[in-house]
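Peer 1: Below are the sequence and a predicted model; questions follow.
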Amino acid sequence: MTSAPTPPTNDPKTDDAGIQARQLLGMKGAAVGETNLWKIRLQLLKPITWIPLIWGVLCGAASSGGYVWSVESVLQALACMLLSGPILTGYTQTLNDFYDREIDAINEPYRPIPSGAIPLSQVILQIWVLLIAGLVLAYTLDRWAGHEFPMITLIAVVGSFLAYIYSAPPLKLKQNGWLGNYALGASYITLPWCAGHALFGQLSWTIVALTLFYSLAGLGIAIVNDFKSVEGDRQLGLQSLPVMFGVEKASWLCVLMIDVFQAGVALYLFWIGQNLYATILLLFIIPQITFQDMYFLRDPLENDVKYQASAQPFLVLGMLVAGLALGHSSLV
């Protein structure tokens, strides 16, 4: 049984710029004692989590086959990245922290809400502002793209609803290791990918199905985040996969989900004749497996950050390769 993380001290050797940066990014082990309300708000948004969503929009734009390098297209893509990353992911993360305040009081008591650094009324206000801003921006993008049916708005509504039932009772999907992690994986891959694709092309059921399949690899990524809170989840009866299967078995499940389903996408690319892209995607799995063995499988509790920093780039690069392949296929 592991103990809850120890908050950083005020030792000047450790309370440095690096610790402050971790705090603002919303990473594990953030510093304590921050009083600036805007910095606390930023920490609740967890900027470190925006990157996969922003990347997903890029993959969707690539898969659409309709993206052109113009000032207008770049501005549209940036607006969609703002929607998927800072606004709606920020909404999701703030909502999750609000409903996870009891778990965080055990695992990370120095985080803004359990530490009392920000009043709950301010957290609720932030949730509503982000949600409304996201829906308004989504509708604006639909109008900008000339959509007869507001597809991006629909994606934003689905994502916002999914975020709510993931974190909030009575459903609270995160209580179920399988459903919760798949919902998280789909939110990180399917939703931004479909938004980027719909912005520059015609969204099809093939793209939706393929990204939902790819999200099973995202489920593996989502499991990584459960290891840091295994103690609090166990105490509160939440059935995360590390709690259900134990740390060792869950770590194997995590890496297998990522590798197997990324290989499955590569096989689909072979099937549609995109052999070069499929080969590149398969080659990306080799360094992933190497880093999985070096870090994650040996000690997932200690090496989760190292693992994500070293292995995850090959998964996200693989997503872009798949997007480019689909875009190329639509132009052939």
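Peer 2: Looks like it arrived, so ask away.
Peer 1: which one's the longest helix in the protein?
Peer 2: The helix that spans the most residues within the chain, counting by DSSP state H, is helix 300-331.
Peer 1: That helix: which residues count as buried?
Peer 2: Of the residues in helix 300-331, 300, 303-304, 307-308, 310-312, 314-316, 318-328, 330 count as buried by neighbour count, 16 or more other C-beta atoms under 10 Å. For the C-beta atoms, the positions are set from N, CA and C on the backbone; glycine is no exception.
Peer 1: Same check on stretch 167-175?
Peer 2: Going by neighbour count (16+ other C-beta under 10 Å), the buried part of stretch 167-175 is 167, 172-175.
Peer 1: Equivalent analysis for stretch 208-222, please.
Peer 2: 210-212, 214-222.
Peer 1: repeat for stretch 62-82
Peer 2: For stretch 62-82, the neighbour count (16+ other C-beta under 10 Å) marks 62-65, 67, 76-77, 79-82 as buried.
Peer 1: And the lowest mean pLDDT element among the helices and strands of this protein?
Peer 2: Lowest by mean pLDDT, DSSP states H and E among the helices and strands of the chain is helix 17-25, with a mean of 63.
Peer 1: before we move on, back to that, JSON lines please, covering the buried residues of stretch 208-222 and showing distance to S251 and secondary structure.
Peer 2: Conversion of the buried residues of stretch 208-222 to JSON lines gives the following (distance: C-beta to C-beta, whole Å; DSSP: H, G, I helix; E, B strand; the rest coil):
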{"residue": "L210", "distance to S251": "27", "secondary structure": "helix"}
{"residue": "T211", "distance to S251": "25", "secondary structure": "helix"}
{"residue": "L212", "distance to S251": "24", "secondary structure": "helix"}
{"residue": "Y214", "distance to S251": "21", "secondary structure": "helix"}
{"residue": "S215", "distance to S251": "20", "secondary structure": "helix"}
{"residue": "L216", "distance to S251": "17", "secondary structure": "helix"}
{"residue": "A217", "distance to S251": "16", "secondary structure": "helix"}
{"residue": "G218", "distance to S251": "17", "secondary structure": "helix"}
{"residue": "L219", "distance to S251": "14", "secondary structure": "helix"}
{"residue": "G220", "distance to S251": "10", "secondary structure": "helix"}
{"residue": "I221", "distance to S251": "13", "secondary structure": "helix"}
{"residue": "A222", "distance to S251": "13", "secondary structure": "helix"}
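Peer 1: and of the residues you listed, the nearest to F270?
Peer 2: Checking the buried residues of stretch 208-222 against F270 with C-beta to C-beta, the nearest one is L210 at 13.7 Å.
Peer 1: who touches that closest one in this structure?
Peer 2: By C-beta atoms under 8 Å, 6 or more residues apart in numbering, L210 lies in contact with 265, 268, 322, 326.
Peer 1: And those residues, which is closest to I48?
Peer 2: Closest to I48, out of all of these and judged by C-beta to C-beta, is A322, at 23.5 Å.
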